[in-house]
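S.K.: Got a sequence here, can you build the structure:
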Amino acid sequence: MWKTVKTGILPPFKVFFALSAGLFFLAPRPAAAAEITVPRLELASRGWFENDEFTVSSRLSMDLALIGGYKYSILLGFSLEAPDVARAIAYRSFKASPVEPDPVTGQPNPEDLMNSHNSLVEKYNNQAFIGFSVAKATIHNPFKLPLSLSYFVGSGDNFCTGDDFSVFFGLDPFGTDYKGFFYFPDGIGGNMLRQYNGIHGAKGTGFSIAFTKWDSFIIPMLYLYQDLALFDGYFADVNSGSKLYSGDLRLLVHWRWLSFETFGGFSTNSSKDTKFRAGLMFHFAGKGVEFFAQGGITSWRLGEKLNVDNMFFLIEPRLRFKYLAVHVTFFYHPVEYLHIEEQKEQGMADFNVKFMFGTEDSGFSAGFETAVELKINDSDHFKFRISPFGSFAAGGLLWETKLRLMPQNFSKPKEMMELFLGVRTAY
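M.R.: This is a model prediction of the structure:
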């Protein structure tokens, strides 16, 4: 099983060069033989009727990691993403044709320009691509100090997901299932490749320091980095060359039946336009009872009034009997997530009740969900869904299927249902 903590920081220049020098001198010998792993693979298809025709859209997302060593560990990660695999394959034979000018006016026909532009946009938005996602060099216990020091480029840790408690404390995964393609097939704001995973994530170029003296109880972590949000238009303009710098302080605590994580951070640019964020995650596990919660501020600009649009809020009480489990989830969407504002998410809230039948050891479960989607600021936005589902684990993979029924579309029986089928890594 491959687990890692992806982190990154970029301190002021003196600290940056000091840490760079330390990393150079503390890694005098080459890394051990590398190991190639697939830490994450998700393949999912969605089928529905559109204009009386059955349409299938398939999404592929995978991470490939090249890792080696412990004391001087190296991680290289690559991601393969395709929002619609079938279209990506079909567009391999696509060829853009130049738009011919009108013989009378000498100018291209506006309709032809629009059609050509839309064709290119459709091809671009549905392309499959494989690319670099992370490179991290880590030194454990430098100078015999209880620290782990990492130099990091690319996608960093996701905060308040609960995943890192498996890495540091050896716990079974306890994060929410209410995420990913089966629950958000259209992604965030209509972008299928953007999905909720925790409250924030450190992505950029820099360093991280984890204090590991109390690794059986408390893990404090510090991130300072130049933020990759430069390419998302947050504060920064790619053409102007403006840079965005970020820092986060994170704390993980585990004690018996309680797991707790909290963080606070900021992002600023050369114009001192600054935003702050903070959050916490809480997990309680008792006999037959669990409670999981995530809450925080994804972004708040200094000097502006703080309101509910800045909030990320998810609560999920869970009950488990011998053969039955019940999860009740309430999720309020933030307007800004990972530095990108999506006005479509304003006031959006989900309420989901999930009934599961099966035992934890069998690898098989089935049940049904009832879900309500609404917008607090739009009384006309109300969606109700009933979804029977089933899943089973085999060979390190989890196979899942779900039929999502929408009774509100009773006037168009074919459009009342959507079918989901997926497989993902389960180790």
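
S.K.: From now on I want contacts and neighbour counts done on CA atoms only, so please keep to that.
M.R.: Fine.

S.K.: First-to-last residue distance for stretch 336-345?
M.R.: For stretch 336-345, the first and last residues are 8 Å from each other (C-alpha to C-alpha, to the nearest Å).

S.K.: Only the buried residues of that stretch, if you could.
M.R.: Using 16 or more other C-alpha atoms under 10 Å as the burial criterion, the residues of stretch 336-345 that qualify are Glu336, Tyr337, Leu338, His339, Glu341, Glu345.

S.K.: In TSV, list the residues you listed along with distance to Ser271.
M.R.: Putting the buried residues of stretch 336-345 into TSV (distance: C-alpha to C-alpha, whole Å) gives the following:
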residue	distance to Ser271
Glu336	21
Tyr337	22
Leu338	20
His339	17
Glu341	20
Glu345	28
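
S.K.: Name the nearest of those residues relative to Ile130.
M.R.: For the buried residues of stretch 336-345, the minimum distance to Ile130 (C-alpha to C-alpha) is 21.4 Å, reached by Leu338.

S.K.: The residue lying closest to that closest one once chain neighbours are set aside: neighbour count?
M.R.: Closest residue to Leu338 in three dimensions, ignoring its sequence neighbours and counting by C-alpha to C-alpha, 6 or more residues apart in numbering: His200, at 6.0 Å. Residues lying near His200 (other C-alpha atoms under 10 Å) number 27.

S.K.: so His200 sits right up against Ile340, yeah?
M.R.: No: at 11.5 Å, His200 and Ile340 do not qualify as touching, with contact defined as C-alpha atoms under 8 Å.

S.K.: Tell me the secondary structure at Ala86.
M.R.: Classification of Ala86 using DSSP: H, G, I helix; E, B strand; the rest coil returns helix.

S.K.: wait, doesn't it sit right on Ser57?
M.R.: Yes: A contact is recorded between Ala86 and Ser57 when judged using C-alpha under 8 Å, the distance being 7.1 Å.

S.K.: chain center to stretch 78-95: distance?
M.R.: A distance of 21 Å separates the centroid of the chain from that of stretch 78-95, by C-alpha atoms, centre = their mean, to the nearest Å.

S.K.: List the beta-bridge partners for the residue nearest to Leu338.
M.R.: Partner residues in beta bridges with His200, using DSSP bridges, are Phe159.

S.K.: dump the residue contacts of it.
M.R.: His200 is in contact with Asn158, Phe159, Cys160, Thr298, Tyr337, Leu338, counting by C-alpha atoms under 8 Å, 6 or more residues apart in numbering.

S.K.: for the chain, which spans come out with low pLDDT?
M.R.: Under the criterion pLDDT under 70, the flagged ranges of the chain are 1-34, 69-72, 91-97, 106, 113, 117, 121-129, 230-242, 360, 427.

S.K.: Check it for me, the residue farthest from its geometric middle.
M.R.: Computed with C-alpha atoms, centre = their mean, the residue of the chain farthest from its C-alpha average is Val104, at 52.6 Å.

S.K.: any idea how far Asp112 is from that residue?
M.R.: Using C-alpha to C-alpha, Val104 is found at 15 Å from Asp112.

S.K.: can you tell me which residues contact Trp48?
M.R.: Trp48 makes contact with Phe54, Thr55, Val56, Glu415, Met417, Glu418, Leu419, according to C-alpha under 8 Å, 6+ apart.

S.K.: So which of these belong to strands?
M.R.: The subset of the contacts of Trp48 located in strands under the criterion DSSP state E comprises Phe54, Thr55, Val56, Met417, Glu418, Leu419.
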